[in-house]
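**Student:** Pasting a predicted model and its sequence here:
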Amino acid sequence: MAEWILGIETSCDETSAALLRTDGTHTELGGLVILSQDVHRVFGGVVPELASRAHVQAIGSVVDRALADAGIGLSQVDGIAVTAGPGLVGALLVGVMYGKTLAYSLDRPFIGVNHMEGHLFAPTLEDPELTPPFVGLLVSGGHTMLLDVPEWGEYRLLGQTLDDAAGEAFDKVAKLLGLGYPGGPAIERLAEQGDPRRYRFPRPMLAELEHDGAGRYAFSFSGLKTAVLRAVRATAAEQLSPADLARGFQDAAIEVLTAKTAHAADELGYGTVMIGGGVACNRALVAALRDRLEGSARVSVASPRLNTDNAAMIAAAGAWRLARGERSGWDLEPRDDLPLPGLTVPSPAGRRA
Ligand code: KG4
Ligand code: ZN
């Protein structure tokens, strides 16, 4: 029998609710509401206290609207999935308390979902063929992770960022070029008009790919951001071209992300790669990855609405965990550093074996 799962996401600056209908094999999105908090634009970044307050104000009507879009009432909800971390604790708390209260009063099963696992499940909403094994590249405002996914729920960490996340680098470079927040979409638009030959920025940690060391699949974006800053300072104001700088930065970031992801897919012999998180909205990145993997692996990526933060991906990951009989207790607390469940870090020796 088909079940309705209500997903709730409030980890950062989007208040979102979704209803997913699932019968164990097929899932269908019944309603999805994403309310992006505009208030942070004024400050050029997310202000945690303002985010929490905006979630408190919006959560009730966002859930009601998603139910109305799905054409069901609260009593028809069979299970509730809510983001429990990582994210801003005050923001997460709003969704966790709302979800818990609903689950308690309706007497329905309830599960806390890891936000990054949500991003991993996002493409399944449009691409049911996406099944492990695959290589997953998660690139968001807070994380950059390259994962070997042999099974759902089993995540082998191949590499992650040593400093800034990929999305954070886009946002910081956008800020220093005087573009708005979030910076990713603005950089992408501007880069399209930029000259790819004017700036050649460093490709951080790309050389490590050739060595068999621990940093092979690691990323670093902080030095790249500094290189852009130096180029801005070294260029006379009248010769400054934000488009050329955006292009130079984006090309460097894309080359490193693409090379490491494709190398991992080749090494593991996988025919599927997925890319998720807000930065997966970047069409140049997806095109470069598809180009590099042509003939060897398929690249699965969700549409932009499902790549940036949304509750549908939380409902999808939660539905999978609920179907396995997993439940969270009433003592569930949000955590800003919630680890991805099932995450392992393979040792270099184990990798070679
Ligand atoms: O996954 P997400 O919505 O939120 C987090 O979990 O962090 O990702 C947001 C990040 C921001 O840093 C934003 O600048 C970036 O995704 N982003 C992009 C693009 N669209 C959003 N980065 C590059 N190109 C884009 N088109
Ligand atoms: Zn996210």
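**Tutor:** Looks like it came in fine. Ligands and ions are numbered 1, 2, ... in the order given.
**Student:** right, and Val39 touches Leu50 too?
**Tutor:** Yes - Val39 lies in contact with Leu50 (C-beta atoms under 8 Å); the separation is 5.3 Å. Quick note: C-beta positions are derived from backbone N, CA and C, even for glycine.
**Student:** Those two: who's more crowded?
**Tutor:** Set side by side, Val39 and Leu50 show more neighbours around Leu50, with 16 against 13, by other C-beta atoms under 10 Å.
**Student:** from what I can see, the more buried one looks like it's in a helix, true?
**Tutor:** Yes - judged by DSSP: H, G, I helix; E, B strand; the rest coil, Leu50 forms part of a helix.
**Student:** Tell me the pLDDT of it.
**Tutor:** Leu50 carries a pLDDT value of 96.
**Student:** does Leu338 sit in a helix, a strand or a coil?
**Tutor:** coil.
**Student:** so how far is ligand 2 from it?
**Tutor:** 13 Å (C-beta to the ion, to the nearest Å).
**Student:** Neighbours of the residue lying closest to that residue once chain neighbours are set aside, how many?
**Tutor:** Nearest residue to Leu338, sequence neighbours excluded (C-beta to C-beta, 6 or more residues apart in numbering): Gly85, at 2.9 Å. If you count neighbours by other C-beta under 10 Å, Gly85 ends up with 21.
**Student:** Check the one 3 residues further on too.
**Tutor:** Other residues within reach of Leu88, judged by other C-beta under 10 Å, total 23.
**Student:** which residues sit in contact with it?
**Tutor:** Ser11, Cys12, Val46, Pro48, Ala51, Ser52, Asp336 (C-beta atoms under 8 Å, 6 or more residues apart in numbering).
**Student:** Which one of the residues you listed sits in the busiest neighbourhood?
**Tutor:** Neighbour-wise, the contacts of Leu88 (other C-beta under 10 Å) top out at Ser11, 30 neighbours.
**Student:** My read is that it contacts Val82, right?
**Tutor:** No - Ser11 is beyond contact range of Val82, at 9.8 Å (criterion: C-beta under 8 Å).
**Student:** need the contact list for the residue in the stretch 251-353 of the chain that ligand 1 sits nearest to.
**Tutor:** The nearest approach of the stretch 251-353 of the chain to ligand 1 comes at Gly278, 2.2 Å away (C-beta to the nearest ligand atom). Residues in contact with Gly278 (C-beta under 8 Å, 6+ apart) are Val139, Ser140, Gly141, Gly167, Pro182, Gly184, Asn307, Thr308, Asp309.
**Student:** Intersect the contacts of Leu88 with the contacts of ligand 1.
**Tutor:** Within the set of those, contact with ligand 1 (C-beta under 6 Å from any ligand atom) is found for Cys12.
**Student:** would Pro341 count as being in a strand?
**Tutor:** No - per three-state DSSP, Pro341 lies outside any strand segment and is coil.
**Student:** Spatially, what comes nearest to the residue in the stretch 51-200 of the chain that ligand 1 sits nearest to if we skip its sequence neighbours?
**Tutor:** The stretch 51-200 of the chain approaches ligand 1 most closely through Gly184 (2.0 Å), counting by C-beta to the nearest ligand atom. Nearest non-adjacent residue to Gly184, counting by C-beta to C-beta, 6+ apart: Phe170, 4.1 Å away.
**Student:** How about Ala2?
**Tutor:** In space, Ala2 is closest to Asp23, 4.3 Å off (C-beta to C-beta, 6+ apart).
**Student:** separation between the closest residue to Met1 other than its chain neighbours and Trp4?
**Tutor:** The shortest distance from Met1 to any non-neighbouring residue, by C-beta to C-beta, 6+ apart, is to Asp23 (7.0 Å). Separation of Asp23 from Trp4 (C-beta to C-beta, to the nearest Å): 11 Å.
**Student:** more crowded one of the two?
**Tutor:** More crowded of Asp23 and Trp4, by other C-beta under 10 Å: Trp4, with 21 against 11.
**Student:** List the contacts of the more buried one.
**Tutor:** Leu19, Leu20, Arg21, Gly30, Ala70, Ile72, Gln76, Val77, Asp78, Gly79.
**Student:** Gly79 versus the fifth one, what's the distance?
**Tutor:** The span separating Ala70 from Gly79 equals 14 Å under the rule C-beta to C-beta.
**Student:** What's the per-residue pLDDT of Arg335 here?
**Tutor:** For Arg335, pLDDT reads 98.
**Student:** Would you mind giving me the confidence score for the residue most central in space within the chain?
**Tutor:** Centroid-nearest residue in the chain: Gly277, 2.2 Å away (criterion: C-alpha atoms, centre = their mean). On pLDDT, Gly277 comes in at 98.
**Student:** Test my guess that it contacts Gly136.
**Tutor:** No - using C-beta under 8 Å as the test, Gly277 is too far from Gly136 to be in contact (9.8 Å).
**Student:** Count the neighbours of the residue nearest to Glu208 when sequence neighbours are not counted for me.
**Tutor:** Spatial nearest neighbour of Glu208, excluding adjacent residues (C-beta to C-beta, 6+ apart): Gly215 at 4.5 Å. Gly215 is flanked by 15 other residues according to other C-beta under 10 Å.
**Student:** same check, this time on the one 4 residues further on
**Tutor:** Counted with other C-beta under 10 Å, residues neighbouring Phe219 total 28.
**Student:** That one contacts Leu158, correct?
**Tutor:** No - with contacts counted by C-beta under 8 Å, Phe219 stays clear of Leu158, the gap being 10.6 Å.
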